[in-house]
Structures are given as structure tokens and as C-alpha cells.
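Student: how would this look folded up:
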Amino acid sequence: MIDLVIFDMDGVLVDSEWLMARIWSEQLGAYDVDIPPHTLIERFAGVTDKSMADVIAAETGKDLHRDILNRIRFEARARLGEELEALDGAHALLTALQFACCVCSNSAPDRIRQSLIATGLDGFFTHDRLFSAAQVARPKPAPDLHLHAAERLSVAPARAVVIEDSATGVTAARAAGMRVIGFTGATHIGDGHAEKLTEAGAESICPHMSEIPAHLARLG
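Tutor: Next up, the predicted model:
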């Protein structure tokens, strides 16, 4: 039985990974750090902005911590409303979905809300069904966020199914004792990504939102 479907946001509900990678690459250039967007996606898809800043600062020796996250947040606020789109089929899926659902994202709470509003998905999730890594001690790939959501919604982890596009997110969900569908329909997904999700623990791979109900039916 399935009592809850947990959606990651970036790269699952909204096609944000390329946009955010471009913003990061542009802002890092101000510190003379040259990392192209595709490299940022390959290395950091699914992790928090702070974790990215910590790793890049350690590797480059640049003092990014005081300013880079504020610059990223400012630029994201300015561009998400104009450039962000929902994944094809997301509105239709959420309209027809027969299960309770929520969002578990490593993004900050304000970015979650802005992204859902910008893409018209905000009406599908009440405030108490939006969960951010800012609410727990450890972000994905730790299981804390998924377990927090399950506890708040009174759902046993084994009765939740998670939709994730990153190995980071799949690892977190599996560590929480949840089943996972790997999603590969976002524009940032490259060759071999489905295999990475399967290796991390995804039970099935879904290339388009329209196919998720069939995957849920098989798992349920």
C-alpha cells in the first residue's frame, strides 16, 4: 500500500537544475572561479547551496561564504519568476494523483515557495506539506528530511514512495526506508543517469510525468 507520494522539487516538479547551474556558474565567475554549468550539475545535483559553497571554497581557496549564497538567492529571486517552468505533465499528474503528496527539497523554504508559485504548482501543496532541508539537522543524502516529513504526516516510511531525479535524493529516500522512482524527464539529465539512479536504489525509472501513475500502481 502507498499512503504518501513524496516529490523532490528541483528536476522533478520544476525544470530548475540548468537555470540554477547557470546562475551558480555566472556568480562564481565574479570570484574568478570557472566552473561550467554541466560540471556543477554532474557534481552537485541534489545538494544544498551551502554544501556547494563549502566544497568549492575548499577546492579553490576562495572566500565564498560571506557573499556567494546571498548573490545566488538574489539572482534566483530575479530570474525564477521569468525563466522557470514546470516539468511537462506535472500539472496533469498532480491534478489526477490519487495519493496524498508532499514536497521534500534540499532548497531553502523561500525558493520552494517561489518556484511552485512561478510554475503554478503552489495550489497542489498546502504549507504544511512543503518540507525543506532547513528544517532538519542534515540535508539529503541523509534520511532526515524524508523521515521528518513522514513523521509530521503520520505515515510509515515503508508506505511512502519518493520521486527523485538525483542519486543524492535516491540515497536519502532509501536510507529512510522508502521506495523510490527515479525520474529522468528534466532537461539537465544526461546519458547514463538512469543507471546512476538505479545503482543508488531506485526501483524503477520514469522518463515522463505521464508514466508515474503506472509506476505507482506497480509499486502499490
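
Student: Just name the shakiest helix or strand of the protein by mean pLDDT.
Tutor: For the chain, counting by mean pLDDT, DSSP states H and E, helix 68-83 ranks last in confidence among helices and strands (a mean of 86).

Student: How far off centre is that one?
Tutor: 17 Å (C-alpha atoms, centre = their mean, to the nearest Å).

Student: Which neighbouring elements make contact with that helix?
Tutor: helix 17-29, helix 49-60, helix 109-118 (3 or more C-beta pairs under 8 Å, 6 or more residues apart in numbering; DSSP states H and E). To be clear about C-beta, it is placed using only N, CA and C from the backbone, and glycine gets the same treatment.

Student: For it, C-alpha coordinates in CSV please.
Tutor: Only the C-alpha atoms of helix 68-83 are listed here, as CSV (Å, rounded to 0.1, in the frame of the first residue of the first chain):
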residue,chain,number,x,y,z
ILE,A,68,28.0,33.9,-2.6
LEU,A,69,24.9,32.5,-1.1
ASN,A,70,23.3,36.0,-0.9
ARG,A,71,24.2,36.6,-4.5
ILE,A,72,22.7,33.3,-5.6
ARG,A,73,19.5,33.9,-3.7
PHE,A,74,19.2,37.5,-5.1
GLU,A,75,19.7,36.3,-8.7
ALA,A,76,17.4,33.3,-8.3
ARG,A,77,14.6,35.6,-7.0
ALA,A,78,15.1,37.8,-10.0
ARG,A,79,15.1,35.0,-12.6
LEU,A,80,12.9,32.1,-11.3
GLY,A,81,9.7,34.0,-11.9
GLU,A,82,10.6,34.7,-15.5
GLU,A,83,12.5,31.6,-16.7
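
Student: picking that back up, I'd like to know which of the helices and strands packed on helix 68-83 is closest to Arg66.
Tutor: Arg66 lies closest, by C-beta to C-beta, to one member of these: helix 49-60, at 10.1 Å.

Student: In terms of secondary structure, what does the closest one contact?
Tutor: Partner elements for helix 49-60 (3+ C-beta pairs under 8 Å, 6+ apart): helix 37-44, helix 68-83.

Student: before we move on, the earlier item: following the least confident helix or strand of the chain, which helix or strand shows up next?
Tutor: helix 90-96 (DSSP states H and E).

Student: from what I can see Lys196 touches Ala167, true?
Tutor: Yes. Between Lys196 and Ala167 there is a contact at 5.0 Å, judged by C-beta atoms under 8 Å.

Student: and the least confident helix or strand of the chain, which residues are buried?
Tutor: By neighbour count on 16 or more other C-beta atoms under 10 Å, the buried set for helix 68-83 is Ile68, Leu69, Arg71, Ile72, Glu75, Ala76, Leu80.

Student: if we can go back for a sec, compare Lys196 and Ala167 (neighbour count), which wins?
Tutor: More crowded of Lys196 and Ala167, by other C-beta atoms under 10 Å: Ala167, with 21 against 17.
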